[in-house]
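Q: how does the following fold in three dimensions:
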Amino acid sequence: MGSVVSRAELADLAARLRAEGKKIVTTNGCFDLLHVGHVRSLNAASRLGDVLIIGLNSDLSVRKLKGPSRPITPEGERAEILCNLRCVDFVTIFPEDTPVEFLKLVKPDVHAKGADYKREALAETPVVESWGGRVELLPLVPDHSTSSLVEKLSDRGD
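A: Just a heads-up that it's a prediction; the model follows:
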């Protein structure tokens with residue numbers, strides 16, 4: 001089972017893992033209403049290295065990104081759910097709109113994102129590449145997103 005780590009603990013944790021020779025993989029997102037697309041993506045990300053650290057958008061940053069009705073699930077619960085996935089080693093919550101500050105603390109070998117993004121359009125890419133890391137785009141699971149789930153639920157009136 002994974003664990004939630006504070007921002008203050010993050011740099012020391014990453015340094016310790018690196019000293020142990022671990023290949024660190026990161027990914028980030030809102031992970032509001034966890035679905036099979038998330039699970040498959042996280043499993044794929046974890047196979048890229050030895051340790052998977054997730055940067056989880058705080059409730060405030062989710063509202064900025066997704067609108068006032070989101071998140072549906074509070075950050076503490078989202079973090080707890082993610083920590084209970086076998087492929088997840090650590091979760092940290094970040095308040096910014098982008099994961100750049102989270103990445104600067106961890107300095108991952110690989111940062112994984114979904115293929116709905118373009119490597120050159122990500123704020124993360126130049127940061128991760130600055131220390132020799134790489135950004136890896138993962139295949140998407142068609143028709144599986146939190147936004148599509150929310151839309152289906154509102155269309156049904158549930």
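Q: lowest average confidence, helix or strand, in this protein?
A: helix 146-156 (a mean of 56; mean pLDDT, DSSP states H and E).
Q: hang on, Leu140 in a helix?
A: No - counting by DSSP: H, G, I helix; E, B strand; the rest coil, Leu140 is not part of a helix but coil.
Q: ok, Asp59 touching Gly76?
A: No - using CB atoms under 8 Å, Asp59 is not in contact with Gly76, being 9.0 Å away. Just so you know, the C-beta spots here come from the backbone N, C-alpha and C atoms, and that holds for glycine as well.
Q: neighbour count: those two, which is higher?
A: Asp59 (19 against 12; other CB atoms under 10 Å).
Q: who are the contact partners of the nearest residue to that one once chain neighbours are set aside?
A: Once flanking residues are discounted, Asp59 sits nearest to Glu75: 4.8 Å by CB to CB, 6 or more residues apart in numbering. If you count contacts by CB atoms under 8 Å, 6 or more residues apart in numbering, Glu75 has them with 56-59, 62, 93.
Q: where along this structure do the helices fall?
A: In the chain, the segments counted as helices under DSSP state H are 7-19, 36-46, 59-66, 75-83, 100-106, 124-129, 146-156.
Q: show me where the chain dips below the pLDDT cut-off.
A: Within the chain, the stretches with pLDDT under 70 are 142-158.
Q: the same query, at a cut-off of 80, please.
A: 141-158 (pLDDT under 80).
Q: quick check, central residue of it?
A: The chain has Asn28 as the residue nearest its centroid, 2.0 Å off, counting by CA atoms, centre = their mean.
Q: any idea which of the helices of the chain is most buried?
A: Scoring the helices of the chain by mean neighbour count under mean count of other CB atoms under 10 Å gives helix 100-106 as the most buried, with a mean of 20.
Q: which secondary structure elements does it contact?
A: Contacts defined by 3 or more CB pairs under 8 Å, 6 or more residues apart in numbering; DSSP states H and E place helix 100-106 against helix 7-19, strand 24-29, strand 51-57, strand 90-94, helix 124-129.
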